[in-house]
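Asks: Below are the sequence and a predicted model; questions follow.
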Amino acid sequence: MRVLAFDPGYGITGWGCVEDPPLRSAGYGAILTSGDLPHAKRLAVLSKEARRILAEHMPEAVIVETLFIHKNQKTAGGVYEARGVLLCAAADAGLEVIELGPMQIKKAVTGSGRAEKSAVHDMVQRLLSISAKIRPDDTADALAVAVAGLFAAKALKVKKRMGAGR
C-alpha cells in the first residue's frame with residue numbers, strides 16, 4: 001500500500017509518500033510558494049505542484065492533517081485555503097482522503113498523543129530509515145502524517161473487507 005500525505009501551509013507545504021511492506025519512504029519534499037506572488041497565484045502554484053506529485057507517486061490514498069491553529073489567526077486563513085486546494089487535488093484525482101488530527105498522528109508514530117515535535121521527527125527518521133535530518137520541518141511533519149495515515153488506511157481497508165464479507 002502507498003499513501004501520500006500533505007502538511008498544509010501557505011508558504012511551505014510539506015509532502016511525504018510512504019509504502020508498506022516494507023515500511024519505507026517513496027519520496028518527500030516541500031512545495032514552496034513565493035511571497036512575491038499574488039494570493040491566488042500562490043494557491044494555483046500549490047494546486048499544480050500537488051497534482052504533479054500525486055500523478056508522479058500514484059498513491060492509493062491521500063492523508064491530510066486537520067488543522068489546529070491557536071497562535072496566529074491571521075495566517076490561519078491562508079493555511080485553510082491551502083488545505084482546501086490539497087483536498088480538491090486529491091478528490092479530482094479520484095483518491096480516498098483520510099483526515100487525521102495532530103494527537104492521532106503523534107500517537108500512531110510515537111505511542112503518545114502528547115509527544116513533542118522533535119520526538120515525532122526522530123521516530124519518523126527511525127521508522128523510515130532516513131539517516132539525514134529531514135528538512136524543512138513541514139516535510140518531516142508530512143512524513144509523520146503519512147506514516148500515521150498508512151496505518152489508518154490499512155485498518156480501513158481491513159474494516160471494509162470484513163464488512164463486505166457479511
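Replies: Looks like it arrived, so ask away. Residues are numbered from 1 along each chain as shown.
Asks: does Pro136 really touch Gly16, like I thought?
Replies: No - applying CB atoms under 8 Å as the test, Pro136 and Gly16 come out as separate, 12.0 Å apart. Where you see a C-beta, it was placed from the backbone N, CA and C, and this is true even at glycine.
Asks: Which of these two has more residues huddled nearby?
Replies: In terms of neighbours (other CB atoms under 10 Å), Gly16 is the more surrounded of Pro136 and Gly16; the figures are 31 against 15.
Asks: hey, what's the more buried one bridged with?
Replies: Ala5, Tyr28 (DSSP bridges).
Asks: remind me which residues of this structure are low pLDDT?
Replies: In the predicted model, the chain carries pLDDT under 70 at residues 68-74, 164-166.
Asks: need the helices for the protein, in chain order.
Replies: Ranges of helices in the chain, per DSSP state H, are 39-57, 73-92, 102-110, 117-127, 137-164.
Asks: Those helices: which one's closest to Ala5?
Replies: Ala5 sits nearest to helix 137-164 of all these, at 3.7 Å, using CB to CB.
Asks: so Gly78 touches Thr13, yeah?
Replies: No - applying CB under 8 Å as the test, Gly78 and Thr13 come out as separate, 11.0 Å apart.
Asks: which of those two has more neighbours?
Replies: Remark: of Gly78 and Thr13, Thr13 carries more neighbours, 27 against 17, as counted by other CB under 10 Å.
Asks: so who does the closest residue to the more buried one other than its chain neighbours touch?
Replies: Distances taken as CB to CB, 6 or more residues apart in numbering place Ile31 nearest to Thr13, at 4.4 Å, with adjacent residues excluded. Ile31 sits next to 12-13, 15, 45-46, 49-50, 53 when contact means CB atoms under 8 Å, 6 or more residues apart in numbering.
Asks: got those residues as TSV, with distance to Ile130 columns?
Replies: Formatted as TSV, those follow (distance: CB to CB, whole Å):
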residue	distance to Ile130
Ile12	19
Thr13	19
Trp15	15
Val45	27
Leu46	25
Glu49	22
Ala50	22
Ile53	18
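Asks: Between those, which sits nearest Leu100?
Replies: Nearest member of the contacts of Ile31 to Leu100, counting by CB to CB, is Trp15, at 15.0 Å.
Asks: separation between the closest one and Ile53?
Replies: According to CB to CB, to the nearest Å, Trp15 and Ile53 sit 6 Å apart.
Asks: Identify the contacts common to these two.
Replies: Joint contacts of Trp15 and Ile53 (CB under 8 Å, 6+ apart) are 4, 29, 31.
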